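Q: Sequence and predicted structure are below.
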Amino acid sequence: MLEGYRGKALELLSSLGAEIGDVLQVYNDKVSVKGILMPSYSRDDSVIVLKLDNGYNAGFSVNKVKVSLLEKGNRPQERSEHRELLPGKVKIISTGGTIVSKVEYETGAVRPALSTEEIIRFVPEIQEITSISAEILFSILSENMKPEFWVKIAEAVKRAFDEGSEGVVVAHGTDTMSYTAAALAFSIQRLPGPVVLVGSQRSSDRPSSDSGINLVSSVLLAKEAPFGEVVVNMHGESSDTYTLAHRGVKVRKMHTSRRDAFQSINDHPLAKVLWKERTVKVLRNDYLRRSDGVELNPKFENRVFLLKFYPGLRPDIVDILLSSGYRGIIVEGTGLGHTSSDFQEAFKRAVKEGLFVGMTSQCLFGRVNMNVYQTGRLLQQSGVVPLGDMLPEVALVKLMWALGQTSDLEEVKRIMLTNLVGEYNPRHSLDHFPRWKHE
Amino acid sequence: MSEYEKMGLKVGLEIHQQINTSHKLFCECPTTMDEESQGELERYLRPVASELGQIDVAAFFEWEKGKKVVYEVPRRSSCLVECDEEPPHPMNIDAIKLGLAMTLAFNGEPLDEIFVMRKTVIDGSNTSGFQRTAIVGLGGYIKDVDGVITIQTIAIEEDAARKLEETPTSVKYNLDRLGIPLIEISTGPDIRSPEQAKRVALLIGQMLRLTGKVKRGLGTIRQDLNVSILGGVKTEIKGVQDLDMIPKIIENEANRQRELLRIRDELRARITREDFAKKVVEKDLTELFASSRSRLIQSELKKGGKVLGLLAPGFKGLLGRQVMPGRRFGTEISDYVKALAGLGGIFHSDELPNYGIVEEEVQRVAKELGVGELDAFILVVGPEEKVKKAIQVIKDRLSQAFEGVPKETRAANEDGTSKFMRPQPGSARMYPETDIPSILSRELLEDAKKMVPPTPEQKLKELMKMGLNEELAKQVLNSPRLDQFEYLTRKYVNVSPTVIATTLENTLKYVKSQGGNIDKISDGDIEAVIASVSQGRITKDSIPQILLEYSTPNSNVGIESVISRYTGISEEELINLIKEIVAQNSEEVKSKGEKAFSLLMGKVMERVRGRAEGKKVAELIRKVMKDETG
């Protein structure tokens, strides 16, 4: 197989009977070098990619060099089939993402492919912490995550606890990790131990990857933390010093690339994990304790929309959603929870038709308050429900879940306004807001 | 046939030169050093498998040390890319073009498609744990008087972070240098003598300078040497900064390999490798040294340490054999122990009694280990875990002695010797950099052609055409300040190129010889002086005085205020001054008449040197004298 090759290069390589891993010679009047044929990730279909003796990959256009097959080589070894390890005290469920990714030759990009065993081989010290079992649930990048996958993850988590695990680690891509965290938090009502979502911002195929430390800390957390909550555990700062366990319904990815991208919003982290010292430092005492069993209710209604208001947005979008069969809208309003007054009528119609319309703020920090300005009051009169300091994405997931439980609007409203797993923080203090250095 | 030809000496060079681009290779930070820190980062690195599924031995070697890496984060010349907190930006195309231009200059073949690779380096010098590097060209050659030297590869890569300090448990770097583009030129193993290596390095360095696009100054060019002799092994010696040291380092390495081969032959005559392996014995000798007078042993024992002894069958006299000036075969083993087991060193029987270990103890050790006529022994002292590891390291190294020269990467010492640094990395250390799309070279070749440096002969002609005499032109041609000469002559067209060349090549040397601190004189200072000449504020004659005064040790005066002291004197002021001096010396002038001229000239020049040209002064003195005497 000639992975990634096309056009002229493919034609020539096929005529030579060459395969990936064979040793080829390329030559013209100026150079003559040999190298191992690599899968192509070239931008040009006349280019063949060789790995030279010194380890460099180099591209040669078959228009400019002659090519001959020197010797048949070994195809780069296929990864061995994974097998499930015996039940352990901590179970690692792998769903994909950077934390388990490696190079994709066709595009030259990173793809999720490492097996859980490979993760364990990569971070052998996790086995010093406790016995580990592992399962590859699926290998998808987190941008391809869907509510039906949340259900599968929730079921796998339950299975792990039923098998006797004391804690569960879910390896997940970071982009939508907080959505999954919220989905698990709402759909698993009682937890006998922590469910730790972990990812990495630097892929595992680089020596500076944060995946090793994040994984070690997560296993430690899963085993030792006193809480039965869904948390996201990632680097606490750019340095490799500690990780922070954020409550799954109060966390957000706040940077595209930094290791410490995940931050608790309107909340403080639950725990700090010192990986070198192998200790978990619990930072608060208002956590949900480990329960004696696990209860699952993973049903989600997909037809929910997250509407970000912006100047000029026309209210007809609400009617479109209404006519498309949507069952609920979370509005990411401005400031304290506003849209333009044009929306009052549209929302009124929607609520009358049985849609739930909830209000959050695009400020992210702080809570909505729809009593301060007249617009807010009028929106409330239209049936829009203010959702306090709940994050827009968390409100969205919660509404999906609530609509999965019941179609009774009043009941949905009751669920949405009940603080189920700490998604509301009724008290904000001064230190719930980050400050940037300016001098 | 020379001595080195007889030895079958083969040398290849790897020349790394910083490129003077406006920004770094993978981000928009400037390529300047920066001491102002905005904080520190603390990181740990771990090795990963390459795309072929292998882990690099050199990478594992570093990882086993488990070091904490601390980075100082400079405010101006680093960003999230250096912190490894943001993916690299697209590659600096100017750097690639220079690589292609040099490929063309060597008559080599530019690669059609350029792939950035990650070269695993986990000593911490790269925050990512790898150095990003890309071959841009293959093949080509240069001509040396002793023959043609082939060029193997031309690569563009990022410079590493600047090491500040190292302790047994941590290492600290500054991120300012990380990511500065380097061009790496590797020659084939075609060099046959130590002197030729230096010539080739000079020639390549000169070609690079002739592009006008490389940096100069300490640490901007570094040479690695690959040295082997017949029967020996290609040994990589890293970090040679001083060109003049190249021949000596090569001589020492060639001799080291020859000595190791001689040791091998003597060993083989005494004992087979299999017998060695069978007879080698290790023993805990802690008790034997319980009341030793050796201070080192006592201090280790107090900390709960151990003394282990190793019988080295067949090695008598060989451990003490000199392999390089001041370095014995025992030193080579000691280096392995330091690097691989983290112990301070070893004691061996060829150097004992010494270091507080007395003859009686030597005898007892020999008896304890059963040392025979042709045998040697080695002692290691320290924490149990480390001495055990050390013993294994020593056994491995002694066993390698039966093969001759082990494959290793060595670090150059300042005295021209070298020491073991780490095992040689293999090709498993390279894997593709997936964050950067590949680059098709054909889109860049037109621009690259324009950057191909002229040959030294062409450039010499060009310089002489500008009015430099041959000697000065040659000086400029060979000077690291060639780029500065070009910059200044282009910018200040009304200043004679000879004046600029003289300032750069001779005046600075003069200033240094007069005790000036020329490190203080920056490019900007020199430009300020040339600019003042260009504006007519000062005369060219005042340049040496200005630079000397400015660079006087302990002087804090800025260049502008020194220049202002030398700004020209008006003709009227000059005439008044001459009149004053003539009046002061009226007797002499009267008595000597015309002959008093040189006296007056001397006195006037003493007052106005640097502010007025001699020719003008002479003219005015004659005029005043004529007026006075009528």
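A: Structure received.

Q: What is the neighbour count of residue A:28?
A: 12 (other CB atoms under 10 Å in any protein chain shown). Quick note: C-beta positions are derived from backbone N, CA and C, even for glycine.

Q: again, but for residue A:169
A: 31.

Q: Return the per-residue confidence for it.
A: Note on residue A:169: pLDDT of 95.

Q: and the next element down the chain from the helix or strand bottoming out on mean pLDDT in chain B?
A: Using mean pLDDT, DSSP states H and E, helix B:57-64 stands out as the lowest-scoring helix or strand of chain B, at a mean of 60. Sequence order places strand B:68-74 as the next helix or strand after helix B:57-64, per DSSP states H and E.

Q: Give the residue spans of chain A that score low on pLDDT.
A: A:1, A:74-87, A:100-119 (pLDDT under 70).

Q: tell me the centre residue of it?
A: Nearest to the geometric centre of chain A sits residue A:177, at 2.7 Å (CA atoms, centre = their mean).

Q: what helix or strand is the residue in the stretch 101-250 of chain A that chain B sits nearest to on?
A: Closest to chain B within the stretch 101-250 of chain A is residue A:207: 2.4 Å, counting by CB to the nearest CB. Assigned by DSSP H and E, residue A:207 falls within no helix or strand.

Q: That one and residue B:130 touch, don't they?
A: Yes: at 6.5 Å, residue A:207 counts as touching residue B:130 under the criterion of CB atoms under 8 Å.

Q: Domain-wise, how is chain A divided?
A: Using automatic domain parsing, the domain ranges for chain A come out as A:7-71, A:90-296, A:304-417.

Q: Quick one: distance of the longest one to the chain centre.
A: The reference is to domain A:90-296. 9 Å (CA atoms, centre = their mean, to the nearest Å).

Q: got the end-to-end distance for it?
A: 19 Å (CA to CA, to the nearest Å).

Q: and if you look at the shortest one?
A: For domain A:7-71, the first-to-last residue distance is 23 Å (CA to CA).

Q: contact partners of stretch A:19-32?
A: A:1-3, A:16, A:18, A:33-39, A:48, A:50, A:60, A:64-76, B:107-109, B:138-140 (CB atoms under 8 Å, 6 or more residues apart in numbering or on different chains).

Q: List the contacts of the closest residue to residue B:111 other than its chain neighbours.
A: Spatial nearest neighbour of residue B:111, excluding adjacent residues (CB to CB, 6 or more residues apart in numbering or on different chains): residue A:58 at 5.1 Å. By CB under 8 Å, 6+ apart, the contact set of residue A:58 is A:33, A:35, A:49-50, A:52, B:111, B:113-115, B:135, B:138.

Q: is it true that residue A:58 lies in a strand?
A: Yes: the assignment for residue A:58 is a strand, going by DSSP: H, G, I helix; E, B strand; the rest coil.

Q: Any idea what it is bridged to?
A: residue A:50, residue B:114 (DSSP bridges).

Q: any idea how far it is from residue A:18?
A: Noted for residue A:58: a distance of 16 Å to residue A:18, by CB to CB, to the nearest Å.

Q: longest helix anywhere in the chain?
A: Let's take chain A. helix A:147-162 (DSSP state H).

Q: nope, chain B please
A: Max-length helix for chain B by DSSP H is helix B:246-270.

Q: list the buried ones in it?
A: B:246-261, B:263-264, B:266-267, B:270 (16 or more other CB atoms under 10 Å in any protein chain shown).

Q: Ends of stretch B:300-318, what's the gap?
A: Across stretch B:300-318, first to last residue, CA to CA, it's 28 Å.

Q: near chain A, which residues of the stretch 101-250 of chain B show up?
A: B:107-109, B:111-115, B:117-120, B:122, B:127-130, B:133-135, B:138-140, B:153, B:155 (CB under 8 Å from any CB of the partner chain).

Q: Show me what stretch B:473-493 is in contact with.
A: Here stretch B:473-493 makes contact (CB under 8 Å, 6+ apart) with B:20, B:206, B:209-210, B:212-214, B:216-217, B:456, B:459-460, B:463-464, B:466, B:468, B:495, B:497, B:500-501, B:504-506, B:523, B:526-527, B:530-531, B:533-534.

Q: Could you tell me which of these belong to helices?
A: B:206, B:209-210, B:456, B:459-460, B:463-464, B:497, B:500-501, B:523, B:526-527, B:530-531, B:533-534.

Q: what's the next secondary structure element after the longest helix of chain A?
A: strand A:167-171.

Q: Starting from that next one, tell me which strands it pairs with and how they run.
A: In the sheet, strand A:167-171 lines up with strand A:90-94 (parallel), strand A:195-198 (parallel) (DSSP bridges).

Q: do whatever helix or strand comes next after the shortest one and chain B meet?
A: Note on strand A:195-198: by DSSP H and E, the next helix or strand toward the C-terminus is helix A:211-224. Yes: when contact is scored as CB under 8 Å from any CB, part of helix A:211-224 falls within range of chain B: A:212-213.

Q: between helix A:211-224 and strand A:167-171, how big is the angle?
A: 160 degrees (axes from the mean of the first three to the mean of the last three CA atoms, to 10 degrees).

Q: What strands flank the next helix or strand after helix A:211-224, and is each parallel or antiparallel?
A: Next along the chain after helix A:211-224, taking DSSP H and E as the criterion, comes strand A:230-235. Paired neighbours of strand A:230-235 in the sheet (DSSP bridges): strand A:195-198 (parallel), strand A:243-247 (antiparallel).

Q: In strand A:230-235, which residues have enough neighbours to count as buried?
A: So, applying 16+ other CB under 10 Å, buried residues of strand A:230-235: A:230-235.

Q: For the stretch 101-250 of chain B, which segments count as helices?
A: B:194-210, B:246-270 (DSSP state H, counting those that start in this stretch).

Q: which secondary structure elements does the longest one contact?
A: The reference is to helix B:246-270. helix B:3-7, helix B:194-210, strand B:221-228, strand B:235-240, strand B:322-324, helix B:329-336, strand B:418-423 (3 or more CB pairs under 8 Å, 6 or more residues apart in numbering or on different chains; DSSP states H and E).

Q: And these: which comes nearest residue A:149?
A: With CB to CB as the criterion, residue A:149 lies closest to strand B:418-423 of the helices and strands packed on helix B:246-270, at 45.4 Å.

Q: mind saving the C-alpha coords of the closest one as PDB?
A: The C-alpha coordinates for strand B:418-423 follow below in PDB (Å, rounded to 0.1, in the frame of the first residue of the first chain):
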ATOM      1  CA  SER B 418      37.300  16.700  24.700                       C
ATOM      2  CA  LYS B 419      35.200  14.600  27.100                       C
ATOM      3  CA  PHE B 420      32.300  12.200  26.800                       C
ATOM      4  CA  MET B 421      28.900  13.900  26.600                       C
ATOM      5  CA  ARG B 422      26.400  11.200  25.600                       C
ATOM      6  CA  PRO B 423      25.900   8.200  23.400                       C
END
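
Q: Now that we have the strands paired with strand A:230-235, can you turn them into a markdown table and tack on mean neighbour count?
A: Formatted as a markdown table, those follow (neighbours: other CB atoms under 10 Å in any protein chain shown):
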| stretch | mean neighbour count |
| --- | --- |
| strand A:195-198 | 29 |
| strand A:243-247 | 29 |
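
Q: Kindly reformat the ones you listed as a markdown table containing distance to residue A:434.
A: As requested, those are exported to a markdown table (distance: least, CB to CB, whole Å):
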| stretch | distance to residue A:434 |
| --- | --- |
| strand A:195-198 | 22 |
| strand A:243-247 | 14 |
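
Q: nearest to residue B:347, of these?
A: With distances scored as CB to CB, the stretch of the strands paired with strand A:230-235 nearest to residue B:347 is strand A:243-247 (46.0 Å).
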